[in-house]
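**Student:** Requesting a structural model of the entry that follows:
(chains A, B, C and D)
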Number of protein chains: 4
Amino acid sequence: MSKDGVKKVVLAYSGGLDTSIIVKWLQDEYQCEVVTFTADIGQGEEVEPARAKAEAAGIKEIYIEDLREEFVRDFVFPMFRANAIYEGEYLLGTSIARPLIAKRLVEIARETGADAISHGATGKGNDQVRFELGAYALMPDVKVIAPWREWDLLSREKLMRYAEEHGISVEQKREGKKSPYSMDANLLHISYEGYDLEDPWTEPGEDMWRWSVSPEQAPDDPTYIELTFEQGDVVAINGEAMSPATVLESLNKLGGANGIGRADIVENRYVGMKSRGCYETPGGTILLKAHRAMESLTLDREAAHMKDELMPRYAKLIYNGYWFAPEREMLQAAIDNTQQVVNGVVRLKLYKGNVYVAGRKSDTNSLFDESIATFEDDAGAYDQKDAEGFIKLNALRLRVAASKKA
Amino acid sequence: MSKDGVKKVVLAYSGGLDTSIIVKWLQDEYQCEVVTFTADIGQGEEVEPARAKAEAAGIKEIYIEDLREEFVRDFVFPMFRANAIYEGEYLLGTSIARPLIAKRLVEIARETGADAISHGATGKGNDQVRFELGAYALMPDVKVIAPWREWDLLSREKLMRYAEEHGISVEQKREGKKSPYSMDANLLHISYEGYDLEDPWTEPGEDMWRWSVSPEQAPDDPTYIELTFEQGDVVAINGEAMSPATVLESLNKLGGANGIGRADIVENRYVGMKSRGCYETPGGTILLKAHRAMESLTLDREAAHMKDELMPRYAKLIYNGYWFAPEREMLQAAIDNTQQVVNGVVRLKLYKGNVYVAGRKSDTNSLFDESIATFEDDAGAYDQKDAEGFIKLNALRLRVAASKKA
Amino acid sequence: MSKDGVKKVVLAYSGGLDTSIIVKWLQDEYQCEVVTFTADIGQGEEVEPARAKAEAAGIKEIYIEDLREEFVRDFVFPMFRANAIYEGEYLLGTSIARPLIAKRLVEIARETGADAISHGATGKGNDQVRFELGAYALMPDVKVIAPWREWDLLSREKLMRYAEEHGISVEQKREGKKSPYSMDANLLHISYEGYDLEDPWTEPGEDMWRWSVSPEQAPDDPTYIELTFEQGDVVAINGEAMSPATVLESLNKLGGANGIGRADIVENRYVGMKSRGCYETPGGTILLKAHRAMESLTLDREAAHMKDELMPRYAKLIYNGYWFAPEREMLQAAIDNTQQVVNGVVRLKLYKGNVYVAGRKSDTNSLFDESIATFEDDAGAYDQKDAEGFIKLNALRLRVAASKKA
Amino acid sequence: MSKDGVKKVVLAYSGGLDTSIIVKWLQDEYQCEVVTFTADIGQGEEVEPARAKAEAAGIKEIYIEDLREEFVRDFVFPMFRANAIYEGEYLLGTSIARPLIAKRLVEIARETGADAISHGATGKGNDQVRFELGAYALMPDVKVIAPWREWDLLSREKLMRYAEEHGISVEQKREGKKSPYSMDANLLHISYEGYDLEDPWTEPGEDMWRWSVSPEQAPDDPTYIELTFEQGDVVAINGEAMSPATVLESLNKLGGANGIGRADIVENRYVGMKSRGCYETPGGTILLKAHRAMESLTLDREAAHMKDELMPRYAKLIYNGYWFAPEREMLQAAIDNTQQVVNGVVRLKLYKGNVYVAGRKSDTNSLFDESIATFEDDAGAYDQKDAEGFIKLNALRLRVAASKKA
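**Tutor:** Below you'll find the model as predicted:
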């Protein structure tokens, strides 16, 4: 008999140990059919091997998909139009990938007639929230199964024992040394949590980082690149047109080679506690700097300021899992409304962890008017006497108040 | 006969060519007495030489003051409690110094019985606004004389001719090569405008920068430092207690030696145009990173987010010259209210332009609870099952809406 | 010879005394051709009589237009989608009409080859700012002539003498008693300033008000009406479909007859001083109440809250004259994005100055779910136990902080 | 044996049927000692009778307290300084009382050595959240017992049966007709939910309302009153000094007699659903109008606007139960910072449901300057020519952008 009436569940399946155990556990505990869904979102691991593993586990409906272009085009790029940063430091690498997975989970549920979805996120983290808010927003009656909140396999030992008892291969990590950190990767970033990071006074060792060389080991000569923007998105690097995912992959390589994009932060989770995380976001770090520079030349002052004021809220919505919520959509409408004019080229200098803006230009949309800004004679483009009236009226309320105090 | 009834004017006087010309011009044009005020706010030039020049110009009331401690304690530090950045890049180095000068100008006007103040800022920039809004807010009936908006000495040649005709020494720049840039410096930063920066596509030459070595020339080994915070302000470096100005001076040296704090931006002036500026803010760049890290450990999540949302407005107020305005004061009250708990130590790694957080701790105020955050067994500190209810209720409105759409 | 090179100017012309004087003054002072533009925006006075007057003044190009539908459809309704109120009280009746006039002024300037526009607003008020910001935003090189800031006819006596000397009829007010107040009217409201209102402690006499009966004189029986909304706009009253302007006219009658929409406020002008104004906005007052009620049933909670937080800024932008600015447009994009679901019917009770919501329903978009909200048994629609987890996780940060304090 | 280790629990006890059942249920279910806490916060019912009932139920520690002054002074008045309104309509009457109850519950728990608190709020509403967030913030280790989320007495019949079986008197309603609505009252308001309000299209009958006459039945002559403000709080009515609670009581009488303060709304609960509520807040409605009017005369424009922008967030925090949270406290610091100047007198006209401002004055802090605001000759107090420069520089960015588009 199926539990809670669940007949078929779509599982976000990596093919790794944890989700392999979940497959078995779902089959046993819920007595239901399991559909696996494995996506390439740029995590840097092959997804095809998941097929054989799923088949071996008796799965009949196996979805394996390359979502990299959709991920960057429909999620990463819109987010970067907002210059989104959570708590001043975090570029939301994990947060922005979850709604895409949630969306595909429920789409597959509809396609396969499943009534439930499942994921391998724990009950302490943000990802459970992101998966589930996304799923509920798109399929309100879906049943969500979160094994980590349900089962009692809460220690590594119990998990291993369960795996052995059920004939699940624990030789999951095929290559290289096993990391002691809990990691998550996609085309935008790789994250590290746990182990010695649990003491926020401890600096992680150099061998933790996977995507970037250390600034110390980065080349002694700078790398200059030019990014071409159209309506706020990068469409070419050094003049070469590229798809969104290719742009981000290329920037990751450029950034990683120059030691760019490492962050070590204490952040506030939506579920209430502070946690320590380290992140490598090489391409995203470059992209953010470049986008701001492109906007600085082409965007109206007050629109830019409004974006800056709305940004923390927008970033928080994404961090907390509200991508598919009306309030995120209304902010996106405001943000996108401003990006029509964000066209041009930004030149950057990459050097040992640094991203410097070395130039910005826009043939069509530059609002920089040399004739007005110049310190030299401007031939009447700007009347300095206007400033007096401007100041006087802006000061009026302050003067009236001061005269009342006196 | 005095013009506009002005009898005595207090002039913000550097002793340089421009303000020397202004002294003469005020004496001639307004037929009034001039009081000079020269302040050391860490601009890196001796202020005492201004005395002899003022005397030579016939000035009887000469004010020369060291305001460095007041500047950092009452202006820079309160601003950094807010993590203030204008337009995502500018640390407000010039902006934050102007209200202090304005305050002293009107205080001296009161002491000397002057009825006017004067400054050497042009009619195109932000500084005139900052000086004058500050002055009007503190002395509503003060007359402001802004020679650059009044006279016709709008080209360098005319200025030089005026100087020669009136016997003003043009040998103002005593040492080293003369910079082609328009510069402004104080303990927080040095700025560059004009000349080849007027083309935003041009990267400035290495010889423009004065306060920092280039990242390329910075030491090959990182420097680690520890900053101690009390109520949001740094009170010690590497365990050594220091006054506010000494803290900032020390951080400037550390930052400058490691190539830290260079920014090259296009910014939006309050008077309406975009302008290009380059800035070196070595100590401030370190301070901002450290303060955020200290807050990440000790500040409540929602208070931190509220600060992030208010910050752009707060920064804009300072940029626009509204330091002495009620809306800045009410935001400051909110910000300061949060800083009581921002106590502890931040460890930083400085390396070739980068500031990395290498650790943060707070014996008294850390809100990081390892027992809750841990990925290992938490012995019941956090009940993962609570997450289900949390998600369910947060999702409720999204589910209801989705079910109506379906 | 023309002054400042002005050859032809388009004047916002009411046909009243002031703008008749301006016609003459422009002809004399600027020696330029004058095009008059008179619009019916619902001010309640005939516009056709302006034609004969303009002709008598020698005007060759005379524009007289009925803009009522455009005014309500493209300006008033979009603004009400935001529930816009300035300083908690003012429904922006004058503010929202100015950009439309500015827009037509510059369009007519383009059609007639004029290089300047002119208006009759004084140098102390907001309207000059609204006209001119609108004009500059749409026609950046336009020359603006604001006679009140230029001429010396600053007292009523001087104006009268000028009129007499130039043969301008001062018999402008044709009907009824002359009001001692400065008034402005359009389809959204009528405003009163000056005279005894200049003392904010004085209550205006009943005879000041023109559009509404006093609550005391309103009918003793309530009037019930039903407003039908589509995408945030009213499209029918009591089931009868109407054009935007007809909706507002009808609501004005209903409101006026029931003593609705009077406000007496001290407001902050953009030019820096406080001023006292009284307003009658009968239809707008009903519309605002109804729109909020419609949203309360159909709009997502967080989208509604975001709208509430953005509203004061949006209202301020309109008050200050920034309708044609990118920041207003980006906020409008956000607001409009939320209105797709604002469909349904609101039932209102109008009674002696009050507007009460008596019911709201939406067949297609109600988010009110009786089965969840009920205090009776909900048959499992909502699991009360979810609340515990919801509260626990929301409290977590507060508990951790409290335990550190203890 | 006690359940969950609970030894003693402090219960928010009204003496009514529900909390009487809870006493018994706690004694039986938790086998623990119960302390009752009954507070007079102006709900309009005697609290002393609760003593005999508690004694009859075997309670040894009985707290009965008059908290009316503390309620108004420390909760209601600070909230009204912010002009707080939730969702444009709700004056937060219930929300603001809960933190005070939570505070006393945990204080009594500390005094009596109790380890738990309990309340009678259901699992569907906001009040459980407000009680519990408050309690957790002040006593992080407290155990909260929410019987409605735990027991199975979810229908009225089951409750009645439980009461009969345990000898609890169901003759709770002593006087007058029994209301079919779920009600809550305190000095700020009385609320109604449930019954026929569950259909948002239904208008409630006149007999639902308890605190106010209908506008129809209110006096035919207006009542004028004068409220004196000190630092944002009302300290006198018609010149007579009064304590905070007396002020609110008096305003309730005045408002109720004039049919003022009825609201009928659909609101969004924090726990996720929309609900319908009706409220009578006679004194609060008057207070809000008066406070805004006092601020309109005395508060700086930008401080007032900042308050308006922060208000929705502040109101939401109170609605959601975050009174004792750092983010509420930081906003309060900002708000209180502005109120020092909010001194003076407001004159109001109360008439059949309406509150009209009839005058406002402030000898010490009025920022209204008749000499500047006047439409008559201002003798040079304001230079109209300043407006040109003000407009020109504010328009500059718009003009540059427009010229690029052209």
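**Student:** and chain A, which residues reach chain D?
**Tutor:** Within chain A, the positions near chain D by CB under 8 Å from any CB of the partner chain are A:300-302, A:365-367, A:369, A:372, A:382-383, A:385-390, A:392-394, A:396-398, A:400-401, A:404. No exception for glycine: its C-beta is placed from N, CA and C like everyone else's.
**Student:** Sort out for me which of the residues you listed are in strands.
**Tutor:** Assignment to strands by DSSP state E places none of those there.
**Student:** Make a PyMOL selection of the buried ones in those.
**Tutor:** Here is the PyMOL command that selects the buried residues among the residues of chain A next to chain D (16 or more other CB atoms under 10 Å in any protein chain shown):
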select buried, chain A and resi 300+301+302+365+366+367+369+372+382+385+386+387+388+389+390+392+393+394+396+397+398+400+401+404
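**Student:** contacts with chain B among the residues of chain A next to chain D, please.
**Tutor:** Among the residues of chain A next to chain D, chain B is touched by A:301, A:366-367, A:369, A:372, A:382, A:385-388, A:390, A:394, A:398, A:400-401 when using CB under 8 Å from any CB.
**Student:** Tell me where the stretch 201-350 of chain A has strands.
**Tutor:** For the stretch 201-350 of chain A, the strands defined by DSSP state E, counting those that start in this stretch cover A:223-230, A:233-237, A:240-241, A:262-268, A:274-280, A:344-351.
**Student:** Chain neighbours aside, what residue packs nearest to A:Leu11?
**Tutor:** Among residues not flanking A:Leu11 along the chain, A:Ser118 sits closest, at 4.6 Å (CB to CB, 6 or more residues apart in numbering or on different chains).
**Student:** Now the stretch 51-200 of chain A against chain B: closest residue?
**Tutor:** Proximity of the stretch 51-200 of chain A to chain B (CB to the nearest CB) peaks at A:Gly123, 2.7 Å away.
**Student:** tell me the domain ranges of chain A?
**Tutor:** Chain A breaks down into these domains under automatic domain parsing: A:8-68+A:94-179, A:185-361, A:373-399.
**Student:** Quick check: the gap between the residue nearest the centre of chain A and A:Ala293.
**Tutor:** Geometric centre of chain A, nearest residue: A:Gly93, 2.5 Å, by CA atoms, centre = their mean. Distance check for A:Gly93 against A:Ala293: by CB to CB, to the nearest Å, it reads 21 Å.
**Student:** Am I right that A:Ser191 sits in a helix?
**Tutor:** No. A:Ser191 is assigned strand when assessed by DSSP: H, G, I helix; E, B strand; the rest coil, not a helix.
**Student:** burial count for it?
**Tutor:** By other CB atoms under 10 Å in any protein chain shown, the residues close to A:Ser191 number 19.
**Student:** Quick check: it touching A:Cys278?
**Tutor:** Yes. With contact defined as CB atoms under 8 Å, A:Ser191 reaches A:Cys278; the gap is 7.1 Å.
**Student:** can you tell which of the strands of the stretch 201-350 of chain A is closest to chain B?
**Tutor:** It is, among the strands of the stretch 201-350 of chain A and with distance given as CB to the nearest CB, strand A:262-268, at 3.7 Å.
**Student:** Leaving out chain neighbours, which residue sits closest to A:Lys349?
**Tutor:** A:Tyr356 (4.3 Å).
**Student:** again, but for A:Tyr279
**Tutor:** Per CB to CB, 6+ apart, closest to A:Tyr279 is A:Ala263, 4.6 Å.
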